[in-house]
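J.: sequence first, then the predicted structure:
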Amino acid sequence: MSVVRSESHLLRCFRAIDRAEVETPKVAFPIEVNDVFTWSDGPRSFLLFCAKPDDEPRGIVFHRSTGATPDVAAMCEWCHAVRAYGGVKLLSVSTDERHRIGLYLCSGLACMERARQTPGPDDIVDGATTEQRASRTLARIARFVSGRLGIGSI
């Protein structure tokens, strides 16, 4: 588990390209980050995560699609939960000053919470335990961050 002790420490966890957009969560410091810590503010969602227990938390700012919420179901690319009515939305993240990558994710980045819940009737049921699902979800987050964003360290 990692601990974010102050607002300045929180800002250092985020990529330089994201720091100007970070809104401090409405919780008291220190913040404990076991695997992920997420919060939302307006059209943005914020992710702090540790791929391994002793890692320094890394932060990413996501922009949520503000378009109309379709009434079709979609599957989160990280936790594989299937939700309708805006439960899964297109979220985008800056790769540089001019480019963004979009993913269909749980709208409030509650992927780890969903991975630890009993799968719903529309979810993929594969016999995995809640900890196995959570471990796979965290691995998908880490692969996205290292592979698509090219972040080894912030």
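T.: Sure, I can see it. Computed from a predicted structure; not experimentally measured.
J.: would you map the helices across the protein?
T.: Using DSSP state H, the helices of the chain run over 7-13, 111-115, 130-143.
J.: for these, which one ends up most surrounded?
T.: helix 111-115 (a mean of 23; mean count of other Cβ atoms under 10 Å). For the C-beta atoms, the positions are set from N, CA and C on the backbone; glycine is no exception.
J.: ok, back up a step: now distance to residue 21 too, for the helices of the chain, in CSV please.
T.: Output for the helices of the chain, formatted as CSV (distance: least, Cβ to Cβ, whole Å):
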stretch, distance to residue 21
helix 7-13, 11
helix 111-115, 20
helix 130-143, 19
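J.: quick one: furthest residue from the center of the protein?
T.: In the chain, the residue that sits farthest from the middle, by Cα atoms, centre = their mean, is residue 127; the gap is 24.0 Å.
J.: let's see the pLDDT reported for that residue.
T.: Residue 127 carries a pLDDT value of 83.
J.: could you pull up phi and psi at it?
T.: phi 80, psi 0 (degrees, to the nearest 10).
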